[in-house]
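S.K.: fold the following.
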Amino acid sequence: MQHKRVEVKLDSNKLNAFLIFHPVEGFEAPLTTEETNDAIKMVGIKYGIDESKIDFFIKQSLPNVPVPFAKGIPPIEGEDSRLVYNFDMDKLKLYSSGKITRMERNMYKTFLVKKGELLVKKIPLKEGKKGVDIFGNDISPKIPKDASLIPLCGENTVIGDDSLRLVSASDGIVKFTQDKFAVDKILVIAGDVDPSVGNIDFEGTVIIEGTVKSGFIIKAKEDIKVEGVVEGATLISGRDIEIHSGVKGRGKTYFSSGRDIKVKFVENSEIDAARDLIIDSSAVNSKLKARRMVRTSGEPGEVIGGSISAGQMVDVQTIGSSMNIKTTIEVGVDPALKEKLALLKSQVAIDRENLVKLTKIVKKLRDMKLAMKDQFPKDKLVFLVKSVNSINTLNSKLPVMEKEIGEIEERIEVATKEAKIVVRRTLHAGSEVSIRDRKFYVTRQLDKVMLVLEKDEIRVGGFGN
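M.R.: Purely as a prediction, here's the structure:
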């Protein structure tokens, strides 16, 4: 815009204004403040004016040279919120897709999480700050974008109270599918448990689609399921263990469950079920324990060699073999209770023996103290005090342990009344049967029998179809 000899020019953002002197031929009078201010006033600029720049413009009167004289304040732009992932997303997406190589099968360990563990962190947005143009008008910054954690929230994940964290709502393994994070309580191993996978310790359920090779340990807070064979490995679950094929223990396999164990067959293994042990086919030279029942459910349904211990019942097709292989069967005693009872009785015996020894020592030291009076050695006095304290501790411990022994024996007595061994086909000679503390040695083949404890003796009766 031009006012006589003075032009006021603006930039596109209205943040800067310039004065430009255009000489007029035949009009040689010097520029004046009034002439310049009139030009500025005509445009309407009223913010950010630098009077010293106007003075410079007037004094220099440089033809056609823009001189900045007014400057606004640009807005300070805000920052969009950002999501920061706690995992390598490329690897997580690959693992979640299941398209991993054999050598990558242990990748799952990277994504194991505990309850409350951070999955995604949100960096809050930053608001911008308004600016002012040379006309005194506010210039608003762009509104920053706010990313949300809600669309990322899948199963077993939760947004923290501060709305800035997506965390795991349970122990498990992180997955990223359908653009959502989830924490899966099921760990699937697509193939064998071998050196490429290593030992497993998982908070949920573990499913092995292949075999479990010898020497490996699998622990699961919930269930363990194996499609193939288990070879010389250790499996410990908080709930059930299910082996769709069999167990070739090689004397190195140990299973322990919080509830039931189901297997197709067992060889040279130790199995300990907190509730029931169900074997589809057979068990050979194995140590089988169940607090409630051991049962064979299919054919041939035989248990040959080794031992069976069940709290209430053993129900199998065949025990032993025509070769008179020794097979031990015990019912009526919860194996865990039996072991605890044995430990308690052993401890009571040791404590009673120590009590007798300490009593003799204390009597001897007291007699010495009485005789020696002030000459009694300090180290012996310390030993006397310790011995008396030990006696007091033992005298308080023993009644508690003896009471517990009585309670366990009472529970065993009650369990014994319902205990039985059912052999639906053949009980071979060479087998040894125990119900509570009574034993029965099988000296000849018995067919379709049931053994129970009656009048403190083991009775062998028939068992019809």
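
S.K.: what's around residue 256, how many residues?
M.R.: 18 (other CB atoms under 10 Å). The way it works is simple: take the backbone N, C-alpha and C, and place the C-beta from them, glycine included.

S.K.: may I see the buried residues of whichever strand or helix holds it?
M.R.: Using DSSP states H and E, residue 256 falls within strand 247-257. Neighbour-count burial for strand 247-257, with 16 or more other CB atoms under 10 Å as criterion, is recorded at 247-249, 253-257.

S.K.: what's the mean pLDDT across that strand?
M.R.: Averaged across strand 247-257, the pLDDT comes to 91.

S.K.: which other helices and strands does the lengthiest strand in the chain contact?
M.R.: Counting by DSSP state E, the longest strand found in the chain is strand 276-290. Judged by 3 or more CB pairs under 8 Å, 6 or more residues apart in numbering; DSSP states H and E, strand 276-290 is in contact with strand 261-273, strand 293-296, strand 302-310.

S.K.: let me have those strands in CSV, extended by mean pLDDT and distance to residue 281.
M.R.: Output for those, formatted as CSV (pLDDT from 0 to 100; distance: least, CB to CB, whole Å):
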stretch, mean pLDDT, distance to residue 281
strand 261-273, 95, 4
strand 293-296, 93, 8
strand 302-310, 93, 8
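
S.K.: can I get the ones you listed in TSV including mean neighbour count?
M.R.: Output for the helices and strands packed on strand 276-290, formatted as TSV (neighbours: other CB atoms under 10 Å):
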stretch	mean neighbour count
strand 261-273	23
strand 293-296	22
strand 302-310	23
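
S.K.: could I get those in a markdown table, plus columns for distance to residue 457?
M.R.: A markdown table is the format used below for those (distance: least, CB to CB, whole Å):
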| stretch | distance to residue 457 |
| --- | --- |
| strand 261-273 | 29 |
| strand 293-296 | 23 |
| strand 302-310 | 20 |
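
S.K.: tell me the confidence at residue 115?
M.R.: 89.

S.K.: go on, residue 5?
M.R.: 89.

S.K.: in the chain, where's the longest helix?
M.R.: helix 378-418 (DSSP state H).

S.K.: for the record, mean pLDDT for that helix?
M.R.: Helix 378-418 shows a mean pLDDT of 84.

S.K.: check the offset of whatever helix or strand residue 181 lives in from the chain's centre.
M.R.: Assessed by DSSP H and E, residue 181 sits inside strand 180-184. Taking CA atoms, centre = their mean, to the nearest Å, one finds the center of strand 180-184 at 14 Å from the center of the full chain.

S.K.: show me what contacts the nearest residue to residue 283 once chain neighbours are set aside?
M.R.: Spatial nearest neighbour of residue 283, excluding adjacent residues (CB to CB, 6 or more residues apart in numbering): residue 266 at 4.3 Å. For residue 266, the contact set (CB atoms under 8 Å, 6 or more residues apart in numbering) comprises 246-247, 249, 279, 282-284, 286, 288.

S.K.: residue ranges with poor pLDDT in the stretch 1-150 of the chain?
M.R.: Applying pLDDT under 70 to the stretch 1-150 of the chain flags the ranges 1-3, 102-103.

S.K.: now the strands for it?
M.R.: 2-3, 6-10, 16-21, 67-71, 82-85, 112-113, 118-123, 131-132, 138-139 (DSSP state E, counting those that start in this stretch).

S.K.: need the contact partners of the fifth one.
M.R.: Among residues not part of strand 82-85, those counted as contacts by CB under 8 Å, 6+ apart are 119-123, 147, 149, 152.

S.K.: how about JSON lines for the residues you listed, with distance to residue 189 and neighbour count added?
M.R.: Converted to JSON lines, the contacts of strand 82-85 look like this (distance: CB to CB, whole Å; neighbours: other CB atoms under 10 Å):
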{"residue": "119", "distance to residue 189": "23", "neighbour count": "25"}
{"residue": "120", "distance to residue 189": "26", "neighbour count": "21"}
{"residue": "121", "distance to residue 189": "30", "neighbour count": "16"}
{"residue": "122", "distance to residue 189": "33", "neighbour count": "21"}
{"residue": "123", "distance to residue 189": "36", "neighbour count": "13"}
{"residue": "147", "distance to residue 189": "35", "neighbour count": "16"}
{"residue": "149", "distance to residue 189": "31", "neighbour count": "22"}
{"residue": "152", "distance to residue 189": "27", "neighbour count": "20"}
